[in-house]
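Enquirer: structure for the following, please:
(chains A and B)
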2 protein chains.
Amino acid sequence: MPRPLTREEQEWVERMLASMSLREKIGQTMQDHAGRLPFKGNDTEALAAYLKTYPVGSFFIGGEVIQKASGKAAEYREWTEQLQRISKYPLLFSGDLEFGAGSAVKSLTAFPPLLALAAVDDEALAYEYGKFTALEGRAAGFTWALAPGTDLLLNWMNPVITTRCLGDDPKRAARLAGAVMRGMQDHGLAACAKHFPGDGVDYRDQHIVTTINGLTEDEWVATYGQVSQSMIDQGVLSYMTGHIALPWMEGEQGEKPVPATVSERITTELLRERMGFEGVVLSDALDMGGFLAWGSYEKRMIDCFNCGTDVLLWPGVDYFGVMERAVREGTVRMERLDASVRRILQLKARLGMYGLDEEGRDPRALSLLNDKLPPELDLEARGLSQSLAERCITLVRNRGHILPLDPQTTRRVLVILLNKVTEGRKYERMNVFVDLLRARGLQVDILDEFEPLGTIRKWELSGIRWDAAFAPYFLPLHGMMNTARPVGEAAKAIWAMQHAETIRPIGISFATPYLLQDMPFLDALVNAYSLHEETVELTVKALFGELPFQGRSPVKTDPQGGSLDLRGMHHFEH
Amino acid sequence: MPRPLTREEQEWVERMLASMSLREKIGQTMQDHAGRLPFKGNDTEALAAYLKTYPVGSFFIGGEVIQKASGKAAEYREWTEQLQRISKYPLLFSGDLEFGAGSAVKSLTAFPPLLALAAVDDEALAYEYGKFTALEGRAAGFTWALAPGTDLLLNWMNPVITTRCLGDDPKRAARLAGAVMRGMQDHGLAACAKHFPGDGVDYRDQHIVTTINGLTEDEWVATYGQVSQSMIDQGVLSYMTGHIALPWMEGEQGEKPVPATVSERITTELLRERMGFEGVVLSDALDMGGFLAWGSYEKRMIDCFNCGTDVLLWPGVDYFGVMERAVREGTVRMERLDASVRRILQLKARLGMYGLDEEGRDPRALSLLNDKLPPELDLEARGLSQSLAERCITLVRNRGHILPLDPQTTRRVLVILLNKVTEGRKYERMNVFVDLLRARGLQVDILDEFEPLGTIRKWELSGIRWDAAFAPYFLPLHGMMNTARPVGEAAKAIWAMQHAETIRPIGISFATPYLLQDMPFLDALVNAYSLHEETVELTVKALFGELPFQGRSPVKTDPQGGSLDLRGMHHFEH
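Expert: Residues are numbered from 1 along each chain as shown, chains lettered A, B, ... in the order given. Below is the predicted model:
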């Protein structure tokens, strides 16, 4: 549990609450998206007018984790200070800081993702992961990380938490997520565990549709329940609810599954009352497909608030009007609103938001030097990133000990680019892998066109031989794909590459840890978890024996795949 | 069981066998791909030289079912007659005639696919389906259909048998596949049930990798076993083995799963000995990914033949050399080769191949008139296609009875093209659906760009209202996708369309019957099973109440999806 508030903090909270108009209270219960402001983000006059009409309580800023990080830390910080000066009440600034402050701010440190952290499984390192996210994040103006993920990758087909979670073991996930969270909160950044009641059971993506965590009560308690309870007991300051239904709690689902973001039973009865969570409940983004099908805008907003949500993420400013009317008409009770606002103000108090100076500056934030932390700390952050990258690379399979390769005898290699380009020009970093091989002086042949399917055999029959063959794989994780598996071009590549007879293919996954499920014939598989720059470099080194493979797979894999248990599909009653 | 051979047939078989050289015998055990001949297919001299060097026993001709049908029946027939004249022994000509002779020959009748037949579930109609495939097929020169499918769609994620099978109920599949087969074989076309031991359990595609039928023995016997035994007992003349492993039969799978196409336990012990199949065992295509990983070319060929396969599909002509050496060295036994050749000759005898005239003409084939069957039969074939299209269309969900639409009040409609174009320009027939709506005089708005995600809401807010909203879906079925689910652009479309608040979306699947698994929020779902031209037209009519929805879903669906049984994944030992 978090420490009790000091008397000073308590008094500040009650003073603020007492001074607020209805509209200001409503504003505290929404989180706006800075990137979607209807004007240039640093236009002071426009900002002042906006906040006057829409006195929101917090902003989400920075590139989303599913997009690209951008910008400089100093610019973010200046912008947050400007807003603090303008805003009547101190604001919180959140970001999807899932893998360090570099998740959002390009000039700061981006660590390998959570799944890499799970492959290292070092609690002290996890704490540092949280600590440096906080030090860098707060220096850039962030006070609230929408992290760490507490989901479990129980369904290997899940397309969205893939490398954004701590694997499939509840004990490990609880241990590491707790450490990341403490590292953050001990250093001035509120953590937001996500998602409640837990993503990773469905094969779908809550960005696209409402998903279902179909575990039984006992199963849930032993998995997601264990992780969540541990986060709550260790004092996590906020929890994000997902657009995820939990049938054992909500009972028989009717026409529409009931996601946690509108479920009083999940959010209030389970999370608050049964598990004792006293922090801030933040909904997941309300423009996600998993929420949109629930009903009209007004119904969605009211149901989301009334079920027990304290802060709604990106509801849009029409939220003010909807809530004002709802309070007037009694659909939303004033005590319920006050309870949420009080929790939000308590969070602000804990983070020292009453202590900003008149310029909106945050005395608890470290100073930036050349857009980075002070040299010693910056070095430490980058060292941490490097160390994690070094230690996460996992050798999942190594038939006939073909890895590591001998740098002396490996001269010519084949790279089968399972995805040459994913999503147009947005994800081209696969080239880095090829460039690094070339930089070693290797002769690199590329196979990236798969019709006709037999090209590679034709090359072999013409006498070409390779000393190694790599099949690197990447797929971005966000609601635009609905799968983590190799499909389309990548599927064609898998068929095509098996025409070869002289190679022993080495898979390298920079995404899903489950590549063997679709490529069971691989002689070797290296999981690197992301296209994180240092990780790609170190992966190449590891392939050539210049670095040991130190990671341990944070998920269990089925070496031949195919093993869906179909008994759940009720086909055997015939 | 098929009728015993007549004495005349038996004598012909033994005479042919006795007259054959080793190379000619080897040739009988392979099926060549006419479309891959290394010269123009009707070059008589080249054909004669080719058959002299490579005396193959049968040819696969026509567009594959997974590609496009092409050509005229008369041209196919002339080509087969030309080859019969050249070949020392009569040839068989096969095609993937899965949905009528129009599957391969553009000018002949293409029926809706097997899953549509299952939605109608009329045994007499299934018999006619086989009968007209045979009459048209044989008129075009075909004597062997690589059909019907006897697979079961037990795993809704299976990406390849989706609409190419008879659903998930073994009894219905056995009843209908048996009728199709009898309709074929009673009219001069050998059927080839496929695939043994059964596709549809794995989430993968045997075109891409070896797949696994992971049922237990009891489960298998009650499902695939039941269907296969019924086909065998009714006298199916050939069975195609798939690149599909069957662990209960092969025991613990080692480094590589053992597909039926190299498994003596599956092909000989189970199919031949235990189930009593005496017909021809044809392998699935040997250039599929599911076979290629087995070993070197030579190993693959020998293992495939020795496990009990009578005819290898598309091994390539290097097969002759490999087999000659193997017989010489004793790796392949002469008695084993003779047994296969005898079975193939028996099949040829049954089909009347000893009765070709000196011009290579087939007296049992109906004459073509304007590239079609004689008018009365042609009319009957086309009527059958129409009737099946009419009766297959299935209303899976119809919340609030929004279907059928009232043609009087439906003026403006929205079409959300889940896939505008699939696989480049190859599958553009989705436009037909839109064109048909426009031809009715409807005002049709198209949504086919999904970034930004909120376009549809913007349209609504600008005051646009639609009287109906359709979400048509199609995905081709072949080893190039590895999924039947909406992914990529289609996934983005699903997210985007939920931004709308005024529509009640009507899904229309021209592919997978399981669209609700990824779009559980649909108010209505119509399954039409294919982009078969008449089906698309009739679907539009059914939407507007001009035709009743008569189909019954041939698969069970889970209305909210998400329900993978994870207990098979062994995550609950913690």
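Enquirer: just for the stretch 51-200 of chain A, where's the confidence low?
Expert: A:63-69 (pLDDT under 70).
Enquirer: chain B contacts on that one?
Expert: A:154, A:155, A:156, A:157, A:168, A:169, A:170, A:171 (CB under 8 Å from any CB of the partner chain). For glycine as for every other residue, the C-beta is placed from the backbone atoms N, C-alpha and C.
Enquirer: how about the residues of the stretch 301-450 of chain A near chain B?
Expert: So the stretch 301-450 of chain A meets chain B at residue A:399 (CB under 8 Å from any CB).
Enquirer: quick one: the helices in the stretch 301-450 of chain A?
Expert: A:318-329, A:334-350, A:375-392, A:430-439 (DSSP state H, counting those that start in this stretch).
Enquirer: if you count contacts, what does the third one end up packed against?
Expert: In terms of contacts (3 or more CB pairs under 8 Å, 6 or more residues apart in numbering or on different chains; DSSP states H and E), helix A:375-392 is packed against helix A:114-120, helix A:123-139, helix A:533-543.
Enquirer: quick check: residue A:197 touching residue A:227?
Expert: No: using CB atoms under 8 Å as the test, residue A:197 is too far from residue A:227 to be in contact (10.5 Å).
Enquirer: any idea which of the residues of the stretch 51-200 of chain A next to chain B is closest to residue A:19?
Expert: Among these, residue A:170 lies closest to residue A:19 (CB to CB), at 43.8 Å.
Enquirer: burial of whichever residue of the stretch 151-300 of chain A sits closest to chain B, as a residue count?
Expert: Residue nearest to chain B within the stretch 151-300 of chain A: residue A:212 (3.4 Å; CB to the nearest CB). The tally of other residues near residue A:212 (other CB atoms under 10 Å in any protein chain shown) stands at 25.
Enquirer: now do the one 3 residues further on
Expert: Taking other CB under 10 Å as the criterion, the count of residues near residue A:215 is 25.
Enquirer: if I look at the residue of the stretch 301-450 of chain A found nearest chain B, how far off is residue A:506?
Expert: Nearest residue of the stretch 301-450 of chain A to chain B, counting by CB to the nearest CB: residue A:399, 6.9 Å away. Distance of residue A:399 to residue A:506, computed by CB to CB, to the nearest Å: 10 Å.
Enquirer: repeat for residue A:170
Expert: Residue A:170 is 32 Å from residue A:506, where distance means CB to CB.
Enquirer: centre of the chain to stretch A:257-265, how far?
Expert: Relative to its chain's centre, stretch A:257-265 lies at 22 Å (CA atoms, centre = their mean, to the nearest Å).
Enquirer: is chain B contacted by that stretch?
Expert: Yes: contact of stretch A:257-265 with chain B (CB under 8 Å from any CB) involves residue A:257.
Enquirer: kindly check the end-to-end length of that stretch for me.
Expert: In stretch A:257-265, first residue to last residue: 13 Å (CA to CA, to the nearest Å).
Enquirer: now do stretch A:414-434
Expert: With CA to CA as the measure, stretch A:414-434 spans 10 Å from end to end.
Enquirer: more crowded one of residue A:399 and residue A:506?
Expert: residue A:506 (23 against 12).
Enquirer: so how many other residues sit close to residue A:233?
Expert: Neighbours of residue A:233 (other CB under 10 Å): 14.
Enquirer: from what I can see it touches residue A:1, true?
Expert: Yes: assessed by CB under 8 Å, residue A:233 is found in contact with residue A:1 at 6.8 Å.
Enquirer: so how far is residue A:239 from the residue of the stretch 151-300 of chain A closest to chain B?
Expert: Taken as CB to CB, the span from residue A:212 to residue A:239 is 19 Å.
Enquirer: same question, residue A:179
Expert: For residue A:179 relative to residue A:239 (CB to CB), the value is 17 Å.
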